[in-house]
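Novice: structure of the sequence below:
(chains A and B, ligands or ions: 2)
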Amino acid sequence: MTFLRSLSRRLKRRLVVIAGLLTLGYLLLPNIVVTVFSFNDPKGRFNYEWQRFSTDAWTDPCGVAGLCGSLSLSLQLAAWATLGATVLGTMTAFALVRYRFRARGAVNSLIFLPMAMPEVVMAASLLTLFLNLGAELGFRTILIAHVVFCLSFVVTAVKARVMSMDPRLEQAAQDLYAGPLQTFLRVTLPIAAPGIAAGALLAFALSFDDFIITNFTAGSTVTFPMFVWGSAQRGTPVQINVVGTAVFLVAVLCVLAAMVMGNRRNRRRAS
Amino acid sequence: MITVIRKNSAKNSSRNSAKDSAKDAGKDGPEAGGDVRLSGISKTYGSFTAVRPLDLTVPQGSFFALLGASGCGKTTTLRMIAGLEEPSSGTVSLGEQDVTDLPPYRRPVNTVFQSYALFPHLDIFENVAFGLRRRGIKSVKKQVGEMLDLVQLGEQARKKPHQLSGGQQQRVAVARALINTPRVLLLDEPLGALDLKLRRQMQLELKRIQTEVGITFIHVTHDQEEAMTMADTVAVMNAGRVEQLGPPADLYENPRTTFVANFLGTSNLIEAEVDSRSGDEIVLTAGDCKLVLPRARCSGPTASGGRVLVGVRPEKTSLTHADEAGGIPAGRNRVTGTIADSSFLGVSTQYVVDSPVCPEFEVYVQNIDRDPRLVPGAEVVLHWSPAHTFGLDAAQDIDAGTGTVGPDEGMAA
Ligand SMILES: Nc1ncnc2c1ncn2[C@@H]1O[C@H](COP(=O)(O)OP(=O)(O)OP(=O)(O)O)[C@@H](O)[C@H]1O
Ligand SMILES: [Mg+2]
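Specialist: Ligands and ions are numbered 1, 2, ... in the order given. Purely as a prediction, here's the structure:
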C-alpha cells in the first residue's frame, strides 16, 4: 500500500518531465530521420530507403544542379524580407501603440489580415495585382510578397513588447539629459529589442520556407522550397537532407550560444 | 540629424553652466539664479482641471514641500516643472530664464519619479551613471560608487532593478537624480516605500545634501510630519489649488482654511457668531459660551453678526473636572462637555469630549498627574488661552481635509 502510494507520488512528480521528453522526441524525430538519411547512399533517385553510410553528399553539397543557387536565393530573400519587415513592422508597432491618429483602429485590424487570410488566396491576389501592374515576376515581386506577410508577425511581436513598456522610462531618460535620439537608442530600443528580435526571427523563418505565395509570385525564379518541391517529382537528392540538417544545426547552435551568453552574463553579475 | 546634434551641444553647455552655478551657490550662498517661478500655471485634461492657475515662487536653495491628499495635482505640478507635461496655461521660469518651451533634457532639473521609472535593461550602476554619461562625463566610477554608498546600495551595483526590493529601488531612483547635482531636484514621494528607520535616515541624508550643495528641493509628500520636519516652506494643495503656503510652524499655528486646519494635524472647530469687538480682540458667542479671539488671527469676517469657525489645537487645550471649574483663571476661553472617550497614548492621554458647541472636541493632556475622575461620562470644562485661538470663515466646509489623514500622534505628543 505504502509502496504503491510512494510509487504513484514519484510518478506524479516525474510526470512533467516524462511528458516533456515525449513531446521533445515527437518534435525531434523528423529531424533525426532527415539527419540520418543525409548520410545515405541511395540506389535510385529516391532517398527513401537506407542503403549504406556515405559522406558523399556532405562533401559535395552543391553537387546537384540548381540546389545551391536556389538556397542562396532563399537566404538572400529571407534576409531582405526580414530587414524590410522588421524595420517597417517596428515602426508600425510604435505608431500603433504610441500615437492616436485617425486610421489607427483600421490599421490595427488590417495588419492582421495577412495572418488570417488563407495563403493561397493571398498568393492569388498578389499575383493578380502584380500582373495588373505589369510587374516582372521575380526576386522583387517575391520580396514584396514576403514583406507583406512577415509584416503582420513582426508588428504583433513588437506591439506586445512596446505596449508593456512604461512611457515614464523614456521620460526619465529625457529628464536625465538624453535627447530624442539618445532616448531612443539607449532606452526605447534596448527595451523593445527582445520583441524586435522575436519578430525578426519569425520573419526569417517564415520567409525562408514559404512555398505557396512564393510559387505564385516567383515567375521563373526558383527558391529553395520550390527546388525541393520540384525535385521531389523526379527524385530526391541526398543534398536536400544535408541542407535541412545544416539549417537545423545552425538554429540549435544559435539557441545554445544565446543560452551560454545569458548564463555567463548572469554569473558575472552575481560575482 | 543635424538638429539633434545642435540641440545636444546646446544642452551640454547649458548643463555645465547649471552644474557650476549649483556648486557656486553652495559655496557663495544663495544667488537669484535658481528661483523656480510658476506664473499662472495650470493643467487641464479634457474638461478635468488637474491644476488650477497657480503662482508659486520657490527660492534658490530652499527645501520646499508640496503637501496634499491623493489626486490633488502634486505630481502634475512637478511634471510641468520638469517639462514632462505641457502646461495648459502659464509659464515656468528658472531664475531669469523662461523654460516653459524647453524640453526636459535641456532643463537643469532632475526628477525622482513616484513610480521610480528605473531602466530595467541597465544594472543599478548604469542606472545611476545614466545622467552623467549623457552629459559626456567619462570617468563616472568613483562618483557613482560614492553615490551608491550614500544610499547604502554599494553591494547591489551589478544587480538589475527587478532584483531589488521596493525600498531599494526607491533609493536607486533618488541616487540617479541626485548624482547630477541639478539646480532643482524634484522628488515625488521619494521615501514612501521605506520603513520608518530608513526613512528618517534618508530624510536626514537628503536634508544634509540639500544644505551642503545648495540644490533647490521640491519635495512632494503625503506625510505631513515629513513635510514639517524637512521643509523650509510647505505648500498645502487641495483639489488643484495651493490653499496656503508658509513655514511649517506658521502653517500649523495659523491655518487660514479649514482644509489646512484639518489636514495638518487636528483642529477643534466651533461654529460661532461675532458678538462685539473690543480693542484687538473679537468676542464671539457659540451656544451659551463666550469665546475671545485675537483679531489678527481671524481670517473670517470680524464685523458683528459674522459667522466664524473658532479653532484651537488639541494640545493647547486644558481639561478640568467640572467640580473644579472655579479654579480656572479668568480670561480663558471655556467650553463645557462630557468625556465621550479617552485613550492612553503613553506621553499623553487623548480625550474626546462631547460638547454642545463641538460634538467631538479632541484634547491631549500630558500625563503628569492623572486625574482619576477624568473617565468617560465625566462632566468637564475645556479651557484655553485666547492667544491660542484662530478664526476661519464659516462659509467653508467644516470637515474639509479630515478623513484623508487621521490625527497625527507624533505632532500632538
Ligand atoms: N494623463 C492624465 N489624464 C487625465 N487625468 C489625469 C492625467 N494625469 C493625472 N490626471 C488627473 O489629475 C489629477 C491630479 O493628478 P496627480 O497625479 O497630479 O495627483 P497627485 O497629487 O500626485 O496624487 P498622488 O498623491 O496620489 O500621487 C488626478 O485626479 C488625476 O486623475
Ligand atoms: Mg503623485
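Novice: how many residues are close by A:Ala234?
Specialist: Quick fix: residue A:234 is Arg, not Ala. The tally of other residues near A:Arg234 (other C-beta atoms under 10 Å in any protein chain shown) stands at 9. Glycine gets a C-beta too; all of them are placed from N, C-alpha and C.
Novice: tell me how far it lies from ligand 2.
Specialist: Computed as C-beta to the ion, to the nearest Å, the A:Arg234 to ligand 2 distance reads 73 Å.
Novice: go on, A:Gly66?
Specialist: Taken as C-beta to the ion, the span from A:Gly66 to ligand 2 is 67 Å.
Novice: find the nearest non-adjacent residue to that residue, please.
Specialist: Once flanking residues are discounted, A:Gly66 sits nearest to A:Phe227: 5.9 Å by C-beta to C-beta, 6 or more residues apart in numbering or on different chains.
Novice: remind me which helix or strand that neighbour belongs to.
Specialist: helix A:224-234 (DSSP states H and E).
Novice: return the set of buried residues in that helix.
Specialist: Across helix A:224-234, burial judged by 16 or more other C-beta atoms under 10 Å in any protein chain shown covers A:Phe224, A:Pro225, A:Met226, A:Phe227, A:Val228, A:Ser231.
Novice: again with stretch A:164-175
Specialist: Buried residues in stretch A:164-175, counted by 16+ other C-beta under 10 Å: A:Met165, A:Arg168, A:Leu169, A:Glu170, A:Gln171, A:Ala172, A:Ala173, A:Gln174, A:Asp175.
Novice: equivalent analysis for stretch A:192-202, please.
Specialist: For stretch A:192-202, by 16+ other C-beta under 10 Å, it's A:Ala192, A:Gly195, A:Ile196, A:Ala198, A:Gly199, A:Ala200, A:Leu201, A:Leu202.
Novice: shaky segments in chain A?
Specialist: A:1, A:268-271 (pLDDT under 70).
Novice: just to revisit the earlier point, I'd like to know how far the residue nearest to A:Gly66 sits from A:Gln233.
Specialist: For A:Phe227, the distance to A:Gln233 equals 11 Å [C-beta to C-beta, to the nearest Å].
Novice: A:Thr141 too?
Specialist: Distance from A:Thr141 to A:Gln233, by C-beta to C-beta: 24 Å.
Novice: and B:Gly71, by the same measure?
Specialist: From B:Gly71 to A:Gln233 the distance is 72 Å (C-beta to C-beta).
Novice: who's in contact with the residue nearest to A:Gly66?
Specialist: A:Gly66, A:Leu67, A:Ser70, A:Leu71 (C-beta atoms under 8 Å, 6 or more residues apart in numbering or on different chains).
Novice: you'd agree the second one is up against A:Asn241?
Specialist: In this case it means A:Leu67. No. Between A:Leu67 and A:Asn241 there is no contact under C-beta atoms under 8 Å: 11.4 Å.
Novice: sorry, back to before: out of the contacts of A:Phe227, which are buried?
Specialist: Among the contacts of A:Phe227, those classed as buried by 16+ other C-beta under 10 Å are A:Leu67, A:Ser70, A:Leu71.
Novice: quick one: which of those residues sit in helices?
Specialist: A:Leu67, A:Ser70, A:Leu71 (DSSP state H).
Novice: now, among those residues, which is nearest to ligand 1?
Specialist: Lowest distance from ligand 1 to those (C-beta to the nearest ligand atom) belongs to A:Leu71, with 53.3 Å.
Novice: what residues are up against the residue nearest to the closest one when sequence neighbours are not counted?
Specialist: Excluding the flanking residues, the one nearest A:Leu71 by C-beta to C-beta, 6+ apart is A:Phe224, at 4.9 Å. Listed by C-beta under 8 Å, 6+ apart, the contact set of A:Phe224 reads A:Leu67, A:Ser70, A:Leu71, A:Leu73, A:Ser74, A:Phe208, A:Val243.
Novice: quick check, nearest of these to ligand 2?
Specialist: For these, the residue nearest ligand 2 by C-beta to the ion is A:Phe208; the value is 50.3 Å.
Novice: would you confirm that that closest one contacts A:Leu75?
Specialist: Yes. Checked against C-beta under 8 Å, the pair A:Phe208 and A:Leu75 is within contact range at 7.3 Å.
Novice: between the two, which one's more packed in?
Specialist: Neighbours per residue (other C-beta under 10 Å) separate A:Phe208 from A:Leu75, with A:Phe208 holding more: 20 against 16.
Novice: helix, strand, or coil at A:Leu129?
Specialist: What DSSP: H, G, I helix; E, B strand; the rest coil gives for A:Leu129 is helix.
Novice: now stretch B:157-177 - C-alpha only, PDB.
Specialist: Provided in PDB are the C-alpha atoms of stretch B:157-177 (Å, rounded to 0.1, in the frame of the first residue of the first chain):
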ATOM      1  CA  ALA B 157      25.700  47.800  -8.000                       C
ATOM      2  CA  ARG B 158      25.600  45.000 -10.500                       C
ATOM      3  CA  LYS B 159      22.000  43.900  -9.900                       C
ATOM      4  CA  LYS B 160      19.200  44.700 -12.200                       C
ATOM      5  CA  PRO B 161      16.300  46.800 -10.800                       C
ATOM      6  CA  HIS B 162      13.800  43.900 -10.700                       C
ATOM      7  CA  GLN B 163      16.200  42.100  -8.300                       C
ATOM      8  CA  LEU B 164      15.800  44.800  -5.700                       C
ATOM      9  CA  SER B 165      13.200  45.400  -3.100                       C
ATOM     10  CA  GLY B 166      10.800  48.300  -3.400                       C
ATOM     11  CA  GLY B 167      12.700  50.400  -0.900                       C
ATOM     12  CA  GLN B 168      16.000  49.700  -2.600                       C
ATOM     13  CA  GLN B 169      14.600  50.700  -6.000                       C
ATOM     14  CA  GLN B 170      13.400  53.900  -4.400                       C
ATOM     15  CA  ARG B 171      16.900  54.700  -3.200                       C
ATOM     16  CA  VAL B 172      18.300  54.000  -6.600                       C
ATOM     17  CA  ALA B 173      15.800  56.500  -8.100                       C
ATOM     18  CA  VAL B 174      17.000  59.100  -5.600                       C
ATOM     19  CA  ALA B 175      20.600  58.400  -6.300                       C
ATOM     20  CA  ARG B 176      20.100  58.500 -10.100                       C
ATOM     21  CA  ALA B 177      18.600  62.000  -9.800                       C
END
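Novice: thinking again about what came up before, which of the contacts of A:Phe224 sit farthest apart?
Specialist: Using C-beta to C-beta, the pair of the contacts of A:Phe224 lying farthest apart is A:Leu67 and A:Phe208, separated by 14.9 Å.
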